[in-house]
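Visitor: Generate coordinates for the sequence data below:
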Amino acid sequence: MTREFEGGAREELRAYVRQQPPRGGMVWYRSDEERSYLSAWLAAGDERSPRIVRDTPADSPGVVRDERAACTRCENVVRKRGPFGSGANGIMIILNMPSRITDFEKKFYAADADELLAKMMGAIGIDLAECYVTELVKCDPTGSASSAGALFDNCRAVLTRELEERAPRFVVVMGELAPLQKIIHRSRGILWYAIEHPVVLLKNPDLKKPAWNTLKVLRTKLAEPSAGR
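Guide: Numbering: from 1, shown residues only. Next comes the predicted model:
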């Protein structure tokens, strides 16, 4: 297979899988191993700048870094999701991946979701590298029978300490806000905003408009003199 043909086939299959809903058929695989190979093949060759941001871990100080590294509360952990970005602009982004998103979709949309996240922030004049970006659930417990709520319960203390140590002025939650209600009610001096997760926006482009409206509100608040630190 030539490089030109392989690249064309990959882009054609990507475009087909992204059709919402798919038209004309389905993508079949014979085993989990074949599905994993397909996912890796589709993701190959993505060298987009947002990956550079994600590959630069945040300098998580003190207890947060140590507690996250030592945590064993979840079973079947494939990887731990470290934060990235400096947080210098006083903005924290909390990513809450919907539980209904499959492992295949997480891998398939990973690069595009990072790219969309960077573009969304850039559209309101925010450099993603200057935000502190963290996950609601700090690890990837593939195959876990635990509910999303139970997984977050295992991470609640770490997220609380991230908020204490980073002391953000603004927090943007990308995904469901409900699990954070207790933390929000206890927080002081933080303005909270909620929009859909980037993967959901990629799968449902109609939801981009309300997300953009929320980001415009954030942009207005950032322009106010009191937003400075």
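Visitor: And this protein, what are its domain boundaries?
Guide: Following automatic domain parsing, the chain resolves into domains at 1-45, 46-227.
Visitor: ok, and what's touching stretch 219-229?
Guide: Around stretch 219-229, the neighbours that count as contacts under C-beta atoms under 8 Å, 6 or more residues apart in numbering are Gly90, Ile124, Gly125, Ile126, Arg169, Phe170, Leu191. Where you see a C-beta, it was placed from the backbone N, CA and C, and this is true even at glycine.
Visitor: Quick one: mean pLDDT over that stretch.
Guide: The pLDDT scores in stretch 219-229 average 80.
Visitor: pull the CA atoms of it into CSV?
Guide: Taking C-alpha atoms only, stretch 219-229 is exported to CSV below (Å, rounded to 0.1, in the frame of the first residue of the first chain):
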residue,chain,number,x,y,z
ARG,A,219,-15.3,36.5,27.1
THR,A,220,-17.4,39.5,28.4
LYS,A,221,-16.5,38.6,32.0
LEU,A,222,-12.8,38.3,31.1
ALA,A,223,-12.9,41.8,29.7
GLU,A,224,-14.2,43.4,32.9
PRO,A,225,-11.6,45.1,35.0
SER,A,226,-12.4,42.9,38.0
ALA,A,227,-11.3,39.8,36.0
GLY,A,228,-7.6,40.7,36.4
ARG,A,229,-5.7,39.0,39.2
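Visitor: related to what we said a few turns ago, show me the two of the contacts of stretch 219-229 that sit farthest apart.
Guide: Gly125 and Leu191 (16.6 Å; C-beta to C-beta).
Visitor: higher neighbour count, those two?
Guide: Legend: neighbour count by other C-beta atoms under 10 Å for Gly125 and Leu191, higher for Leu191 (16 against 9).
Visitor: Just give the nearest non-adjacent residue to the more buried one, would you?
Guide: Among residues not flanking Leu191 along the chain, Phe170 sits closest, at 5.2 Å (C-beta to C-beta, 6 or more residues apart in numbering).
Visitor: mind listing what that neighbour touches?
Guide: Neighbouring residues of Phe170 by C-beta under 8 Å, 6+ apart: Gly90, Ile91, Met92, Ile190, Leu191, Trp192, Tyr193, Leu218, Lys221, Leu222, Ala227.
Visitor: Of all the residues in stretch 197-214, which ones are buried?
Guide: For stretch 197-214, burial by neighbour count (16 or more other C-beta atoms under 10 Å) applies to His197, Pro198, Val199, Val200, Leu201, Leu202, Lys203, Lys208, Ala211.
Visitor: Only the buried residues of stretch 125-139, if you could.
Guide: Ile126, Leu128, Ala129, Cys131, Tyr132, Val133, Thr134, Glu135, Leu136, Val137, Lys138, Cys139.
Visitor: hang on, the earlier thing: with distance to Thr160 as extra columns, can I get the contacts of Phe170 in CSV?
Guide: Shown next, in CSV, are these (distance: C-beta to C-beta, whole Å):
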residue, distance to Thr160
Gly90, 18
Ile91, 18
Met92, 12
Ile190, 12
Leu191, 18
Trp192, 14
Tyr193, 19
Leu218, 23
Lys221, 23
Leu222, 25
Ala227, 24
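Visitor: Buried ones from the residues you listed, can you make that a PyMOL selection?
Guide: Here is the PyMOL command that selects the buried residues among these (16+ other C-beta under 10 Å):
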select buried, resi 90+91+92+191+192+193+218+222+227
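Visitor: picking that back up, including pLDDT, secondary structure and distance to Ala111, could the buried residues of stretch 125-139 go into CSV?
Guide: Formatted as CSV, those follow (pLDDT from 0 to 100; DSSP: H, G, I helix; E, B strand; the rest coil; distance: C-beta to C-beta, whole Å):
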residue, pLDDT, secondary structure, distance to Ala111
Ile126, 95, coil, 20
Leu128, 93, helix, 14
Ala129, 92, helix, 17
Cys131, 94, coil, 19
Tyr132, 93, strand, 21
Val133, 93, strand, 15
Thr134, 92, strand, 19
Glu135, 89, strand, 17
Leu136, 90, coil, 21
Val137, 85, coil, 20
Lys138, 81, coil, 21
Cys139, 77, strand, 21
